[in-house]
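J.: with the input below, show me the fold.
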Amino acid sequence: MTPSPPPALEKYRAPGPERLKLYAALFVMLVLSAVLGRGRPGDLGTVDTLRRSPLARVMFMDIGVLSTLGALHLVLNGKTAVRVPAAVASLFAGSFALLPALAWEDWRAMEEQASGAGPTSGEARGPTP
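T.: The predicted structure is shown next:
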């Protein structure tokens, strides 16, 4: 039997306003980091950093692995037409493409639930333990 997540995380299990807020907060932090985290004096740059730092190479690869897993999740579990183009885009743009696509999928699922035209969140995402 799989242990259930802590009660505080239960609100993120299915599409809903809390998950949309999480996606929005993560996206805002990502954009702020990209805009405000520009080069600084003495910055080595991407190529030199990757050449000199094994940690940087591992983290760069980790980003690629997570983007690939996110793309796979989106293609296999997504329900809208956005899923495939967004999955491909996430392989190149990472979370800049993945977070909006996940938010779109959840928003559409919430609309379907509200109209009664779609499956319940448990059926859409699989059974819950």
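J.: going forward, measure contacts and count neighbours with C-alpha atoms only.
T.: Will do.
J.: tell me which helix or strand comes right after the top helix by length along the chain.
T.: For the chain, the longest helix by residue count, based on DSSP state H, is helix 54-77. Helices and strands here follow DSSP states H and E; after helix 54-77, the next one along the chain is helix 83-93.
J.: that following helix - contacts with which helices or strands?
T.: Judged by 3 or more CA pairs under 8 Å, 6 or more residues apart in numbering; DSSP states H and E, helix 83-93 is in contact with helix 54-77, helix 95-115.
J.: report the angle between the last one and helix 83-93.
T.: Following axes from the mean of the first three to the mean of the last three CA atoms, to 10 degrees, one obtains 150 degrees for the angle between helix 95-115 and helix 83-93.
J.: contacting residues around helix 95-115?
T.: With contact meaning CA atoms under 8 Å, 6 or more residues apart in numbering, helix 95-115 is reached by 15-16, 19-20, 23-24, 26-27, 30, 67, 70-71, 74, 78-80, 82-83, 86-87, 89-90, 118-121.
J.: are any of the residues you listed buried, and which?
T.: 15-16, 19-20, 23, 27, 67, 70-71, 74, 78, 83, 86-87, 89-90, 120-121 (16 or more other CA atoms under 10 Å).
J.: so who does the closest residue to Leu72 other than its chain neighbours touch?
T.: Excluding the flanking residues, the one nearest Leu72 by CA to CA, 6 or more residues apart in numbering is Ala87, at 7.1 Å. By CA under 8 Å, 6+ apart, the contact list for Ala87 reads Gly70, Ala71, Leu72, Leu74, Val75, Ala97, Leu98.
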